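**Q** My questions concern the predicted model and sequence given below.
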Amino acid sequence: MTVVFELKNLNKRFGDNVIYEDMNLEIEEGETFTIIGGSGMGKSVCLKLMIGLLPYEGGHVLFKGKEVGDMNRDELRELRRHVSMVFQAGALFDSMSVLENVTYALREHTKMSDPEMLERAKECLDMVGLGYDPDIINRMPAGLSGGMRKRVALARSIAIKPEVILYDEPTTGLDPANINRIGKMIMKLQKELKVTSIVVTHDMPIAFECSDRIAMLSNKKFPYIGTPKEIQHSEVEEVRDFVQGRYYEDKDD
């Protein structure tokens, strides 16, 4: 199996706050890999390191064998053509309509004509269940519900046909119906587009439903990695407490 991302002996800190210490992780091509762990531990930091949004102090972040930390601006731009990120809040451009948001990456990274971009936007909006409805595509982000914003962000992320999609807490702030919808979309996109999906979430039902493998962040590393079944039935007390919602009991924070 081809390794898409490899993090080797990785060290990352913010001032005196150590996030990762000699951390190792491998993501295989075509899998849905989910990262879980306590709040504030640095789950989302992992995704940002993968696409060069943050520097690291030691070790390696490799995309298909190439060191991300050594990439120049053009190389990072090329990396981000292959790896899309769906940010926690959607990160839509407030001054752009839905259609302009979805076609933004196409304008930035391709030489498509306007008709070609419109056709691609229609495909992507159909794929996330929004359709090419003038009432929707002309709305500004402020006029969208939380669930719709997430789906527009998904449509934008797949517009340039990435090889990898990074999801940063894709279900945060959503009601149960939309959480279920987003989970099904992650699986649908992975299956239909043959992408590699890396999901950061605290939502265990989504993690168990969507994942091929799950990694739990603990003590600045990923000591527990397994299939959903292995994580669900782990005999390790820390993993069991997290899965069963007892992780923060008797902890000072």
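**A** Arrived safely. Numbers count the residues shown, from 1 in each chain.
**Q** Next up, the contacts around Val4.
**A** 27-29, 63-64, 163-164, 196 (Cβ atoms under 8 Å, 6 or more residues apart in numbering). Where you see a C-beta, it was placed from the backbone N, CA and C, and this is true even at glycine.
**Q** Pull out the buried positions in stretch 30-46.
**A** Across stretch 30-46, burial judged by 16 or more other Cβ atoms under 10 Å covers 31-38, 41-46.
**Q** Let me fix that, I meant to ask about stretch 65-80.
**A** 68-69, 71, 79-80.
**Q** Of these, which belong to strands?
**A** Counting by DSSP state E, none of the members of those fall within strands.
**Q** any chance of those in JSON lines, with distance to Met1 too?
**A** Shown next, in JSON lines, are those (distance: Cβ to Cβ, whole Å):
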{"residue": "Val68", "distance to Met1": "20"}
{"residue": "Gly69", "distance to Met1": "24"}
{"residue": "Met71", "distance to Met1": "24"}
{"residue": "Leu79", "distance to Met1": "21"}
{"residue": "Arg80", "distance to Met1": "24"}
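**Q** sorry, back to before: which among the buried residues of stretch 30-46 gets closest to Ser145?
**A** Checking these against Ser145 with Cβ to Cβ, the nearest one is Ser44 at 23.2 Å.
**Q** Please report phi then psi for the closest one.
**A** phi -70, psi -30 (degrees, to the nearest 10).
**Q** show me the contacts for it.
**A** Counting by Cβ under 8 Å, 6+ apart, Ser44 has contacts 88, 168-169, 200.
**Q** For those, pick the one with the most neighbours.
**A** Val200 (23 neighbours; other Cβ atoms under 10 Å).
**Q** and it, what is it in contact with?
**A** So Val200 contacts 34-35, 43-44, 46-47, 166-169 (Cβ under 8 Å, 6+ apart).
**Q** Strands - which of these land there?
**A** Per DSSP E, the subset of the contacts of Val200 in strands is 34-35, 166-168.
**Q** For my notes, confirm Leu10 occurs in a helix.
**A** No - counting by DSSP: H, G, I helix; E, B strand; the rest coil, Leu10 is not found in a helix; it is strand.
**Q** what packs against the helix or strand where Val239 lies?
**A** Val239 is part of helix 237-243, with elements assigned from DSSP states H and E. Applying 3 or more Cβ pairs under 8 Å, 6 or more residues apart in numbering; DSSP states H and E, we find helix 237-243 packed against strand 213-218, helix 228-232.
**Q** got a pLDDT number for Arg246?
**A** On pLDDT, Arg246 comes in at 63.
**Q** Under the pLDDT cut-off, which ranges of the stretch 151-253 of the chain? List them.
**A** Low-confidence segments of the stretch 151-253 of the chain, defined by pLDDT under 70: 246-253.
**Q** Would you map the strands across it?
**A** Secondary structure of the stretch 151-253 of the chain by DSSP state E, counting those that start in this stretch: the strands cover 164-168, 196-200, 213-218, 221-226.
**Q** CSV for those strands, including distance to Ile186?
**A** Output for the strands of the stretch 151-253 of the chain, formatted as CSV (distance: least, Cβ to Cβ, whole Å):
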stretch, distance to Ile186
strand 164-168, 7
strand 196-200, 6
strand 213-218, 14
strand 221-226, 19
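**Q** between the contacts of Val200, which is nearest Gly58?
**A** Cys46 (15.4 Å).
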